[in-house]
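J.: Can you look at this prediction? I've put the sequence above it.
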Amino acid sequence: MEFTFADPALLADAFRGRLLHWAMVVAGSAAVVGMLDRRGHGPPLFGLPTLAALALCAWGIAAAVSYFGTVARFSALEVRAGTVRVHYGAGPFARSVSMPSDDVQHVLSGQPGKGTYPRGPCYLRLVLRSGETHRSAPTQAATDCKQLRGDIARAVRAP
């Protein structure tokens with residue numbers, strides 16, 4: 001059984017878009033803080049190196065949040081002959097993780113937003129016996145998330 005949750009190229013585009021968005025927000029915020037700081041009558045509170053370091057840290061945090069919200073989620077799932085394989089991302093983030101189907105303890109489903117219930121995008125989360133989890137990208141392809149979760153759970157449990 002194979003199921004595609006999202007196009008890897010679209011996930012990579014979403015990641016790049018989020019990085020660009022946050023780069024502009026951080027750069028604009030740093031420019032405003034720098035201008036306001038130099039407008040005062042006393043000595044500036046932030047020097048250029050301090051302001052650059054703060055901006056770099058803020059952008060690094062935004063980049064990590066963007067990564068974990070997009071390309072760190074698997075885009076496809078394959079269940080074959082006692083093996084579950086999840087495929088992550090595109091480009092430099094592409095990788096596949098294989099595991100025995102016996103290692104999958106739970107197959108859970110959920111929806112990324114509260115306003116989408118009962119229809120809308122859903123995701124799956126594979127919980128392994130070791131406690132490790134693998135979350136899928138949200139999918140629009142499934143019309144019934146619970147049915148999708150049940151189908152994949154049965155495929156994982158099948159001998």
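T.: Arrived safely.
J.: in whatever helix or strand H21 lives in, what's buried?
T.: Of the helices and strands defined by DSSP states H and E, H21 is found in helix 8-39. For helix 8-39, burial by neighbour count (16 or more other C-beta atoms under 10 Å) applies to 8, 11-12, 14-15, 18-19, 22, 26, 30, 34. The C-beta positions use only the backbone N, C-alpha and C, and glycine is treated the same way.
J.: Make sure L148 is indeed in a helix.
T.: Yes: L148 forms part of a helix when assessed by DSSP: H, G, I helix; E, B strand; the rest coil.
J.: Now do it against V86, distance only.
T.: Distance, L148 to V86, by C-beta to C-beta, to the nearest Å: 15 Å.
J.: now do A158
T.: 17 Å.
J.: Between those two, tell me which one has more neighbours.
T.: The neighbour comparison of A158 against V86 (other C-beta atoms under 10 Å) goes to V86, with 22 against 11.
J.: partners of the nearest residue in space to the more buried one that is not next to it in sequence in the sheet?
T.: Leaving aside its sequence neighbours, V86 sits nearest to F74 (C-beta to C-beta, 6 or more residues apart in numbering; 4.0 Å). Beta-bridge partners for F74, by DSSP bridges, are Y88, S136.
J.: you'd agree F74 is up against A90?
T.: No: using C-beta atoms under 8 Å, F74 is not in contact with A90; the gap is 11.9 Å.
J.: Mind checking which of the two has more residues around it?
T.: Applying other C-beta under 10 Å to F74 and A90 shows that F74 carries more neighbours, namely 25 against 17.
J.: quick one: the more buried one from I61, how far?
T.: Where I61 is concerned, F74 sits at a distance of 24 Å (C-beta to C-beta).
J.: Likewise for A94?
T.: Plainly put, A94 is 24 Å away from I61 if you go by C-beta to C-beta.
J.: Please apply the same query to V127.
T.: 27 Å.
J.: Which of the two has more residues huddled nearby?
T.: Taking neighbours as other C-beta under 10 Å, V127 and I61 compare with V127 leading, 16 against 12.
J.: so where does the residue nearest to the more buried one when sequence neighbours are not counted fall, helix or strand?
T.: Closest residue to V127 apart from its sequence neighbours, by C-beta to C-beta, 6+ apart: H106 at 4.2 Å. H106 is part of strand 104-110 when elements are defined by DSSP H and E.
J.: Right, I'll leave it there.
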